[in-house]
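Visitor: Fold the following and give me the result.
(one chain, ligands or ions: 1)
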Amino acid sequence: MILPHDITALILCGGEARRLGGVQKALLDLHGQPLVSWLLVALASHVGGIVISANDDLQHYAALGYPVVTDVRPGLGPLGGLQSALTQVSTPWVFVCPGDMPYMDGRVLDRLREQVGTSGAAYPFDGSREQYLCALVRADGLEKLTDYLATGRRSAYGFLEAIGAVQVNMPELRECFVNVNDPETLDSLRLGKKPTVTGTTA
Ligand SMILES: Nc1nc2c(ncn2[C@@H]2O[C@H](COP(=O)(O)OP(=O)(O)OP(=O)(O)O)[C@@H](O)[C@H]2O)c(=O)[nH]1
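Guide: Modelled structure (predicted):
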């Protein structure tokens, strides 16, 4: 059984946010806090540590109180962030999570660690979409990831399939996967309900 202290949460904030004009979307204000702060608080008691994957505005990310890892090879997309972090984490598992999902909470991670079994990774299916960037991955997968990226492939789906990841159905948690990609979504979340920190701590 994987325990919370066996896991490092890797919060991906290293993208270009082109649909939002290139801002640091994880740092945008949502109900009085940087958007990413909501998920940092929600996940903190469900993991042994947190690392932020970012490439710009590093002092602002560092001010959130967690180590910041930059992409060693920029331009590889989210898997580049994972590859860079895997060289540094000391836990046996990593939970990769986009920094633009303010309603993420620890129940998602708890479900993944309960269901991953002997597989090398697990990711959620929220009832309508596979959430490949919210994956629980064995930290010893660095070599496989490096080999995968060396083939020129960049898709998280392809990598998870290559390492035999299991899909975990959690339609009841679909609200956790709302993510901010464009100004319209940001505006509607600002008018909507404040994220809450729910879920159980194992
Ligand atoms: N470390 C790292 N994270 C990335 C990279 N590209 C995307 N991400 C993160 O992966 C998650 C999903 O990214 P997307 O929303 O698809 O891309 P984005 O760059 O944030 O936004 P768009 O440019 O509008 O597509 C976000 O949390 C991003 O911050 C990258 O090259 N490195």
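Visitor: Pull out the buried positions in stretch 24-37.
Guide: 24-28, 30, 34-37 (16 or more other CB atoms under 10 Å). Every residue, glycine included, has its C-beta placed from N, CA and C.
Visitor: quick one: which of those residues sit in helices?
Guide: The helices, defined by DSSP state H, take in 35-37 from the buried residues of stretch 24-37.
Visitor: And these, which is closest to the ligand?
Guide: residue 36 (8.9 Å; CB to the nearest ligand atom).
Visitor: need the strands for this structure, in chain order.
Guide: With DSSP state E as the criterion, the chain has strands at 7-12, 29-30, 33-34, 49-53, 68-69, 93-98, 121-125, 136-138, 166-169.
Visitor: now these as TSV including mean pLDDT?
Guide: As requested, these are exported to TSV (pLDDT from 0 to 100):
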stretch	mean pLDDT
strand 7-12	98
strand 29-30	97
strand 33-34	96
strand 49-53	98
strand 68-69	98
strand 93-98	98
strand 121-125	98
strand 136-138	97
strand 166-169	98
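Visitor: Just send those strands back as JSON lines, with distance to the ligand too.
Guide: Listed next are the strands of the chain as JSON lines, based on distance: least, CB to the nearest ligand atom, whole Å:
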{"stretch": "strand 7-12", "distance to the ligand": "4"}
{"stretch": "strand 29-30", "distance to the ligand": "14"}
{"stretch": "strand 33-34", "distance to the ligand": "13"}
{"stretch": "strand 49-53", "distance to the ligand": "4"}
{"stretch": "strand 68-69", "distance to the ligand": "8"}
{"stretch": "strand 93-98", "distance to the ligand": "3"}
{"stretch": "strand 121-125", "distance to the ligand": "14"}
{"stretch": "strand 136-138", "distance to the ligand": "14"}
{"stretch": "strand 166-169", "distance to the ligand": "19"}
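Visitor: And the pLDDT for the closest residue to residue 31 other than its chain neighbours?
Guide: Residue nearest to residue 31 in three dimensions, not counting chain neighbours: residue 194, with 4.4 Å by CB to CB, 6 or more residues apart in numbering. Note for residue 194: predicted pLDDT of 88.
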